[in-house]
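>>> okay, predicted coordinates and the sequence, questions at the end:
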Amino acid sequence: MKKIEALIRTSKFDEIHKCLSGLGVKFLTFYEVKGMGLQHAKMQHYRGVAYEPTFIPRTKLEIVVQDDLEDKVVACILNEGRTGEVGDGKIFVYDVEKAFRIRNDETGESAL
Amino acid sequence: MKKIEALIRTSKFDEIHKCLSGLGVKFLTFYEVKGMGLQHAKMQHYRGVAYEPTFIPRTKLEIVVQDDLEDKVVACILNEGRTGEVGDGKIFVYDVEKAFRIRNDETGESAL
Amino acid sequence: MKKIEALIRTSKFDEIHKCLSGLGVKFLTFYEVKGMGLQHAKMQHYRGVAYEPTFIPRTKLEIVVQDDLEDKVVACILNEGRTGEVGDGKIFVYDVEKAFRIRNDETGESAL
Ligand SMILES: Nc1ncnc2c1ncn2[C@@H]1O[C@H](COP(=O)(O)OP(=O)(O)OP(=O)(O)O)[C@@H](O)[C@H]1O
Ligand SMILES: Nc1ncnc2c1ncn2[C@@H]1O[C@H](COP(=O)(O)OP(=O)(O)OP(=O)(O)O)[C@@H](O)[C@H]1O
Ligand SMILES: Nc1ncnc2c1ncn2[C@@H]1O[C@H](COP(=O)(O)OP(=O)(O)OP(=O)(O)O)[C@@H](O)[C@H]1O
Ligand SMILES: [Mg+2]
Ligand SMILES: [Mg+2]
Ligand SMILES: [Mg+2]
């Protein structure tokens, strides 16, 4: 099993979700995070006024799937999450050792 | 070392925490996330009125423990987190390569 | 590639970020979490009044880096995040199998 974690543009959430639904991926978890780059270190200027750089809000998705869905889930996020402008985000993939459904005794892929 | 990540019913947090305390597990991290399923793709109706489906708020727990506590921590979450109704949540287990206590030079299991 | 996850004092964020910038680490993700210990199980008292123990807000950082930056990123967090008082936080390191930049077709270390 794999965990697919993606930092996406919040505006792309619905399209990514529809693509995942089309794969039969029924569940996902998401929450708001902040992201930043090197620009934080320096003060920024706009029309001559200095201001503290702000952090960019991002939506983070977490989806645990059986191995053979990994490539398809990644393809949904790449295809639906891309604008081609900087800031489209990242996808990271991790190994998951075990999964449990709390409601009953299902474990492993049948718990997903 | 293992990371045990659980999406639980927020209402079950206290009972799970008491069980963990009984194991000697002193620390955990938690935060609010949102979860959703396929129902998001379609509009929902209630008494004839269409409404946008909402996301279900969940509490996510993260607990890093030495290997020999993994099964006991999972058992606490399964036993105390279960109502038997759909929506009880999931548990995922990951390998942790290294741990550090920032206050001093402890690493590995003694840093947990 | 490695994921370095740190629960830090929020007050140490800027110093840690500056140290990371000095390493050339351009991106990180962060969000607010809550942490707690065993004290949650018991009611607490202050000037004779019982009150529910509260959870301590923490900042959680997540940084995915190429392997040869792992030790340097950990050193930044240990050096800049330490006060020497209890509660300085923890660092956990995980293996990352794959990375993708959503904007284009970069994968692996060049996607970081
Ligand atoms: N290596 C990383 N580790 C942790 N978080 C990251 C990493 N890279 C990016 N992020 C997160 O992803 C968000 C989006 O990053 P972004 O798409 O701007 O990356 P980028 O490398 O600048 O790519 P691009 O050149 O397409 O903008 C960041 O705000 C941050 O939250
Ligand atoms: N495979 C998964 N990947 C990521 N998050 C998941 C996954 N499965 C469940 N979740 C998260 O767990 C929460 C609770 O899921 P839930 O208990 O309803 O799962 P379920 O598979 O429908 O089980 P049940 O049939 O018992 O309801 C979801 O809202 C979502 O946040
Ligand atoms: N093993 C763990 N698993 C998950 N989260 C943890 C773990 N240990 C600590 N944390 C998180 O890190 C935060 C800070 O922990 P803290 O620095 O107080 O750890 P500690 O073990 O008490 O170290 P110290 O003795 O230096 O205080 C906690 O509030 C919690 O969110
Ligand atoms: Mg960028
Ligand atoms: Mg369900
Ligand atoms: Mg402490």
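Cool, got the structure. Ligands and ions are numbered 1, 2, ... in the order given.

>>> so where do the strands sit in chain A?
A:2-8, A:28-36, A:44-46, A:49-51, A:56-65, A:89-95, A:98-101 (DSSP state E).

>>> just checking: what are the partner strands of the longest one?
Pairing partners of strand A:56-65, with direction, according to DSSP bridges: strand A:2-8 (antiparallel), strand A:28-36 (antiparallel).

>>> then it to CSV, C-alphas only?
Below are the C-alpha coordinates for strand A:56-65, written out as CSV (Å, rounded to 0.1, in the frame of the first residue of the first chain):
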residue,chain,number,x,y,z
ILE,A,56,0.8,30.8,0.6
PRO,A,57,-2.1,28.7,1.7
ARG,A,58,-2.2,25.2,0.2
THR,A,59,-4.4,22.2,0.3
LYS,A,60,-2.7,19.0,1.3
LEU,A,61,-4.3,15.7,0.2
GLU,A,62,-3.5,12.3,1.7
ILE,A,63,-4.7,9.2,-0.1
VAL,A,64,-3.8,5.6,0.9
VAL,A,65,-4.3,3.2,-2.0
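
>>> got a list of contacts for it?
Identification of contacts with strand A:56-65 by CB atoms under 8 Å, 6 or more residues apart in numbering or on different chains yields A:1-10, A:13, A:16, A:20, A:25, A:27-36, A:73, A:77, A:87, A:89, A:96, A:99, A:112, B:90, B:92, C:29, C:31. The way it works is simple: take the backbone N, C-alpha and C, and place the C-beta from them, glycine included.

>>> now A:G108: closest residue in space that isn't a chain neighbour?
A:A99 (6.0 Å; CB to CB, 6 or more residues apart in numbering or on different chains).

>>> contacting residues for A:I102?
For A:I102, the contact set (CB under 8 Å, 6+ apart) comprises B:A6, B:I8, B:I77, B:L78, B:G81, B:R82, B:D88, B:G89, B:K90, B:I91.

>>> what's the distance between the residue lying closest to the last one once chain neighbours are set aside and B:V73?
Nearest residue to B:I91, sequence neighbours excluded (CB to CB, 6+ apart): A:F100, at 4.1 Å. Relative to B:V73, A:F100 is positioned 11 Å away (CB to CB, to the nearest Å).

>>> got it, and A:G108?
Relative to B:V73, A:G108 is positioned 18 Å away (CB to CB).

>>> neighbour count winner among these two?
Each of A:G108 and B:V73 had its neighbours counted (other CB atoms under 10 Å in any protein chain shown), and the higher figure belongs to B:V73 (24 against 13).

>>> mind listing what the residue nearest to B:I91 touches?
Under the criterion of CB under 8 Å, 6+ apart, the contact partners of A:F100 comprise A:E106, A:T107, A:A111, B:V74, B:I77, B:L78, B:K90, B:I91.

>>> buried subset of the residues you listed?
Among those, the ones that count as buried by 16 or more other CB atoms under 10 Å in any protein chain shown are A:A111, B:V74, B:I77, B:L78, B:K90, B:I91.

>>> pick the one among these closest to ligand 5.
Checking the buried ones among the contacts of A:F100 against ligand 5 by CB to the ion gives B:K90 as the nearest, at 9.2 Å.

>>> run through the bridge partners of the closest one.
As for beta bridges, B:K90 partners with A:R101, B:L7 under DSSP bridges.

>>> isn't it up against B:L7?
Yes: at 5.2 Å, B:K90 counts as touching B:L7 under the criterion of CB atoms under 8 Å.

>>> around ligand 4, which positions in chain A sit nearby?
With CB under 5 Å from the ion as the criterion, chain A comes near ligand 4 at residues A:V86, A:G87.

>>> up against chain B, what does chain A have?
Taking CB under 8 Å from any CB of the partner chain as the test, the list of chain A residues beside chain B reads A:3, A:17-18, A:21, A:26-31, A:64, A:94-104, A:111-112.

>>> chain center to stretch A:92-106: distance?
18 Å (CA atoms, centre = their mean, to the nearest Å).

>>> the longest helix anywhere in chain A vs strand A:56-65, what angle?
Ranked by residue count and defined by DSSP state H, the top helix of chain A is helix A:70-81. Relative orientation of helix A:70-81 with respect to strand A:56-65: 150 degrees, computed using axes from the mean of the first three to the mean of the last three CA atoms, to 10 degrees.
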